[in-house]
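*Asks:* quick one: sequence and predicted model below, then my questions.
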Amino acid sequence: MSGRRERVRSAIRAARGGLRAVARIARWEVSRSVGVVDRRTAALGLLALLLAGAVGGAATAAGGVALDRDVYRVGVDTDSPYHEVVVETPALAARPPEVDRLGRGVEVVVADDHVYVADSRKAQAALSTFRDAVRRHNLDRLREERNESAAFPVVVTLRYAERTPDGVVAGGESGDGTGTGTGTGTEDTSGSAGDSDGTESAPSGADGSTSGSGSGADTATGAAGVDAATGSAADGPLGVPGFGGAGGLFGGSTSGSPADISPPFPFGALVLAFLFFVPMNFVIQPYGSTILNERINRRGELLLVAPVSPAAIVAGKTLPYLATLVGVTALVALAIGGSPVSVAAVAPIAALYLAATFVGGMFARSFKELTFVTVSISVFLTSYAFVPAIFTNVTPIALISPLTLVVHDLQGTGVTAAQYAFSTGPFYVGSAVLFALGVGVYREEDMFTQRSVPLKFLDALNSRLKGRKSVAVLSALAIPFVFIAELLAVAVLFVLPVEVSIPLLLVAVAAVEEVAKSVHVYAGFRGPFADRRGWKAALVLGALSGLGFFLGEKLTAVVQLVGLPDLALGRAAFSSAGIAATPAVGLLLLLAPLALHATTTSIASLGATRDRATYLAALVPAIAVHAAYNFAVVSTLG
Amino acid sequence: MADPRLTIARRELATLRSEKTIVLALLIQLFIAAFSSFLVVGLVSLYDPGSVDGYETTVGVTGDAADDLLRVVDEQSSIAGVGYASQASAERAFRNGEVDAVLLADRRAGRVFVTATVPDDSVRTTLVVVQLRDALATFERTERGDRAAFLSSTPLDLPPRPGSGSTPYYGFSYTVLLPLLCFLPVFISGSMVVDSVTEELDRGTLELLRVAPVSTVDIVDGKVWAAAVLAPAQAGLWIALLDFNGTTVRHPLAILAVVGALALLVVTLGATVAVLSPDRRAAQFLYAVGVLVAFGGTTLLPLNPVNTVARLAVDSVGAAYPAVVAGYLALGTGAYLLLRRAVPALGVGDR
């Protein structure tokens, strides 16, 4: 009894000592990093930041940046009414209207009430730009008209309705901050004719360029016009001016002239959410440097022989950077009107950024290599977080990115705990796994040698392999990375035509999963299992790895099913087999992927027993079988 | 013996090859290009239903202006209208999935008030909204035509619709994608020089090099050359690939000259920053902010790099374009010569 109490006490003491060590290393890291900044650097940095501010201000004052300035040339006479349109559009350049120079100096010519277009793709693009410019010009002129009912004779109110059999659920005004309740119905329309007379005469100049006509009882029917849209920009949770002109910052405008309504697209919220990523890309640079610095000229050796664990060293070195990122995130959230939900959603992204940079810093052989590694990390993680968030209002599968939570938060639509767990879970698991792998090689023989990156990666995997069961665990832990890789494959292959992209995607998915399931088995045969390279061991390890992956996959599926029932549709695209309707088919579909994963991984691990060439060769049939299975599932179920 | 500067430049390129980082760099660029294309193609097909053929929206029309609205709707190719006598019957049809949207159009006070009900479910919502917007805009034009007497000026006639050969991605390909692919290598090259110089200083290997019969200027020369050559080479590769893919790039040599000049300029900037601030953390930060400022700042100018490359590529330049290219070349060379003169005075490596 007393022995157990003694053990508990000593464990607490050890933990406290560990925490103290972490805090000490963190302090040391901060003071050393601050010491790096000498006076000259600080002055240069200040200068650069001041310049950045000035440029930003100038860009805002100059009305933005036109990268396509004068790309298309339109021949138009100076006294033609179209001349003004061409001059005020940056992408168009005005030229004399010479029809015979068509295609050799001008793309479009306006002369004698005719529009002449050259025969080229460029001319078609020019015509399209010109047409849009004329349309915008007309709208601007009409907005200045005194007689609004003649200028904008049609007022549209858009409302979204669920198609439930019981009745149309009104509302869903996708987050405009007016709060006037735009519940429309026939009862509102009766007798509002009298009010709307007042609408026309009411001066609505306060809205500037918009055609707002809102006043009186008609607001309820949505005659509020564009007021609703501008109101949403001004009164919403967002305090940033300048976006309102586009109308419908949060999820599109819902009422106004036909030209003003737009589909639900959270453009403004997405732009603001992107602000969270800027500091991350700056912070991972010094973080990667400090990790690599430890490895140059054996500088980290002193710390390594000190009586602290590698994990404590890494935690201490990481903590200041994580704290900085969370602090900056909180500031950004404060500035753009995000709630703590935004901070909580961005924090795991920051953790994954740091975790990936840490592994990069442990693997890289030189600063140059580290730069490329950090750039790749920025690119891949930014796109992984960004792409799904674009579809926030379209499909619940967008929740695989925590940025979707931020968009929801900025739009004012709430976030449930299940949604939070679903979208940030992979990021938490992913960063934990990466830190664990990196800490595994935080030791002398890996830090101070110039081993190639693949060898270090295998070392890192081996440091986590203890016994056969750990093979299954590693497979399951690979699932977040498999998700990320598969999503990126979708993003890249999307550009290709469907008949090419779907088969390619199936093969890519199979390849990603097969590699994820077998690479640590391959590592194991070069580490702990080196003396057991028989075919029996290969089959056992392969089956275990397949089982681990299968369990992890099913766990994810169950979590989705319980937490987010409306996700069922999107999920089918990602898992190799869904959960079926009837029990018999369900059992078959449940066990088929298990058999598949075990078989294919066994094939790969048989190859892994010998050398790299045979491993790669064995991956080919494994991927082929997997892809064929995927194809069969897609073509029968889909 | 060969020029020591060339030897240093070769060594720089050799380490890149042995670490296979150049492959990673190309992969990153490819990924960014594919990714931005994904965004644009995805967004365009979401918001331009003309590019997604074969999907027709059926819409139920009701209210006292229904007849006029139906006439307009029927003229649209991608949308079909069905008239309903009452709002209740139209909404029933909507609930049962017979129509994709309901338009309730009422005339009062000289205006037409349209309430559009669209399904709140999926990607199709976007399509339906865009199609309704086009139809309603046409309807607005007809209604406005009836009231033309009350307007102080008549709206301009729209130019004709572009023909079938038009692509919504044309502008994107030349004003975003091509400049992106041309200038990413430039930025990467500059970052590489920062790394290379700071690492030599950090590991103390610069001291070793100085024992050899080469001057500091030679070392900086070698590093700058290696990095500055790499960027136009990559840009040339991308231009060739784009050309192969059907995006014809005009004036490729002039574009490569601009890229080369900017590479020299940016690499010089990187080397200067690295020499002034020898710790990598500070140097990379300064370099990143500096490039962002310089590049962001120039986009405000009329003949900025992005715009110049785009206009060269689509042949929208006048006869004066050789002067512009020469200006860029002079800028790059000038900065480089300045750095060469300044290096001995800065006393690199004497710490």
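*Replies:* Perfect, thanks for sending it. Numbers count the residues shown, from 1 in each chain, chains lettered A, B, ... in the order given.
*Asks:* make it CA atoms for all contacts and neighbour counts henceforth
*Replies:* Fine.
*Asks:* quick one: residues contacting the residue of the stretch 251-351 of chain B at minimum distance from chain A.
*Replies:* In the stretch 251-351 of chain B, the residue that lies nearest chain A is B:Arg281 (4.7 Å; C-alpha to the nearest C-alpha). Going by C-alpha atoms under 8 Å, 6 or more residues apart in numbering or on different chains, B:Arg281 touches A:285-286, A:289.
*Asks:* restricted to helices, list the residues you listed.
*Replies:* A:285-286, A:289 (DSSP state H).
*Asks:* related to what we said a few turns ago, so what's the residue of the stretch 251-351 of chain B closest to chain A scoring on pLDDT?
*Replies:* The model reports B:Arg281 with a pLDDT of 79.
*Asks:* just the endpoints, please. Distance across stretch A:273-282?
*Replies:* In stretch A:273-282, first residue to last residue: 16 Å (C-alpha to C-alpha, to the nearest Å).
*Asks:* pLDDT score for residue 303?
*Replies:* No chain specified, so I'll use chain A. pLDDT, read off for A:Leu303, is 81.
*Asks:* the intended chain is chain B.
*Replies:* For B:Leu303, the pLDDT comes out at 78.
*Asks:* just checking, it is part of a helix?
*Replies:* No. Under DSSP: H, G, I helix; E, B strand; the rest coil, B:Leu303 sits outside any helix and is assigned coil.
*Asks:* tell me which element the residue of the stretch 251-351 of chain B closest to chain A falls in.
*Replies:* In the assignment (DSSP states H and E), B:Arg281 maps to helix B:280-298.
*Asks:* centre of the chain to that helix, how far?
*Replies:* How far helix B:280-298 lies from its chain's middle: 20 Å, per C-alpha atoms, centre = their mean, to the nearest Å.
*Asks:* out of the ones in helices among the contacts of B:Arg281, which comes closest to B:Val259?
*Replies:* Nearest to B:Val259 among the ones in helices among the contacts of B:Arg281 is A:Gln285, at 26.0 Å by C-alpha to C-alpha.
*Asks:* number of residues surrounding the closest one?
*Replies:* Using other C-alpha atoms under 10 Å in any protein chain shown, A:Gln285 has 21 neighbouring residues.
*Asks:* that one against B:Gln284, yeah?
*Replies:* Yes. A:Gln285 lies in contact with B:Gln284 (C-alpha atoms under 8 Å); the separation is 7.4 Å.
*Asks:* take the ones in helices among the contacts of B:Arg281 and lay them out in a markdown table including pLDDT.
*Replies:* Converted to a markdown table, those look like this (pLDDT from 0 to 100):
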| residue | pLDDT |
| --- | --- |
| A:Gln285 | 85 |
| A:Pro286 | 86 |
| A:Ser289 | 87 |
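*Asks:* near chain B, from those residues?
*Replies:* With C-alpha under 8 Å from any C-alpha of the partner chain as the criterion, the ones in helices among the contacts of B:Arg281 include A:285-286, A:289 near chain B.
*Asks:* out of these, which is nearest to chain B?
*Replies:* Among these, and counting by C-alpha to the nearest C-alpha, the member closest to chain B is A:Pro286, at 4.7 Å.
*Asks:* please list all residues in contact with the closest one.
*Replies:* A:Pro286 is in contact with B:280-282, counting by C-alpha under 8 Å, 6+ apart.
*Asks:* switch to 6 Å and redo it
*Replies:* Listed by C-alpha atoms under 6 Å, 6 or more residues apart in numbering or on different chains, the contact set of A:Pro286 reads B:Arg281.
*Asks:* what does the one helix or strand A:Val471 maps to rub up against?
*Replies:* Taking DSSP H and E as the criterion, A:Val471 maps to helix A:469-477. Contacts of helix A:469-477 with the rest of the structure, by C-alpha under 6 Å, 6+ apart, involve A:517, A:544-545, A:548-549, A:552.
*Asks:* which one (most neighbours) among those?
*Replies:* In terms of neighbours by other C-alpha under 10 Å, the contacts of helix A:469-477 top out with A:Lys517 at 34 neighbours.
*Asks:* element containing residue 15, please.
*Replies:* Let's take chain A. Element membership for A:Ala15, per DSSP H and E: helix A:2-36.
*Asks:* should've been chain B
*Replies:* According to DSSP H and E, B:Thr15 maps onto helix B:4-18.
*Asks:* averaged pLDDT, that helix. What do you get?
*Replies:* The model assigns helix B:4-18 a mean pLDDT of 83.
*Asks:* which helices and strands does that helix pack with?
*Replies:* Here helix B:4-18 touches helix B:216-244, going by 3 or more C-alpha pairs under 6 Å, 6 or more residues apart in numbering or on different chains; DSSP states H and E.
*Asks:* name the next helix or strand following the helix it packs on along the chain.
*Replies:* Using DSSP H and E, the helix or strand that follows helix B:216-244 towards the C-terminus is helix B:252-276.
*Asks:* so what touches the helix or strand where A:Val387 lies?
*Replies:* Using DSSP H and E, A:Val387 maps to helix A:367-390. Applying C-alpha under 6 Å, 6+ apart, the contact partners of helix A:367-390 are A:364, A:398, A:401, A:403-404, B:192, B:195.
*Asks:* and if you look at stretch B:62-81?
*Replies:* B:56-60, B:83-84, B:104-106, B:135, B:139.
*Asks:* distance-wise, check the residue of the stretch 251-351 of chain B closest to chain A relative to A:Ile284.
*Replies:* To A:Ile284, B:Arg281 is 10 Å away according to C-alpha to C-alpha.
*Asks:* what of A:Leu606?
*Replies:* As defined by C-alpha to C-alpha, A:Leu606 lies at a distance of 39 Å from A:Ile284.
*Asks:* and A:Asn297, its phi and psi?
*Replies:* For A:Asn297, the backbone dihedrals are phi 60, psi 30 (criterion: degrees, to the nearest 10).
*Asks:* ignore the last one, A:Val108
*Replies:* Torsion angles at A:Val108 (phi, psi; degrees, to the nearest 10) stand at phi -130, psi 140.
*Asks:* pairing partners for it in the sheet, please.
*Replies:* Counting by DSSP bridges, A:Val108 forms beta bridges with A:Val74, A:Val117.
*Asks:* hmm, A:Val117 and it touching each other?
*Replies:* Yes. The pair A:Val108 and A:Val117 passes the contact test of C-alpha atoms under 6 Å, sitting 4.7 Å apart.
*Asks:* tell me which of these two has more neighbours.
*Replies:* Between A:Val108 and A:Val117, counted using other C-alpha under 10 Å, the more crowded position is A:Val108 (29 against 21).
*Asks:* list the contacts for that one?
*Replies:* Here A:Val108 is in contact with A:74, A:116-117 (C-alpha under 6 Å, 6+ apart).
*Asks:* and A:His137, how far from A:Glu84?
*Replies:* Applying C-alpha to C-alpha, the value for A:His137 to A:Glu84 is 9 Å.
*Asks:* these two: which is more packed in?
*Replies:* Remark: of A:His137 and A:Glu84, A:His137 carries more neighbours, 19 against 15, as counted by other C-alpha under 10 Å.
*Asks:* Three-state assignment for the more buried one, please.
*Replies:* Relying on three-state DSSP, one would call A:His137 helix.
*Asks:* not counting sequence-adjacent ones, nearest residue to it?
*Replies:* Of all residues not flanking A:His137 in the chain, A:Val85 sits nearest, at 6.4 Å (C-alpha to C-alpha, 6 or more residues apart in numbering or on different chains).
*Asks:* same question, A:Arg365
*Replies:* Once flanking residues are discounted, A:Arg365 sits nearest to A:Gln450: 6.2 Å by C-alpha to C-alpha, 6+ apart.
*Asks:* give me the neighbour count for the one you found.
*Replies:* For A:Gln450, the count of nearby residues is 13 (other C-alpha under 10 Å).
*Asks:* and if you look at B:Arg161?
*Replies:* Look at B:Arg161: counted by other C-alpha under 10 Å, it has 11 neighbours.
*Asks:* and B:Thr82, that's in a helix?
*Replies:* Actually, residue B:82 is Val rather than Thr. No. B:Val82 sits outside any helix when classified using three-state DSSP, being strand.
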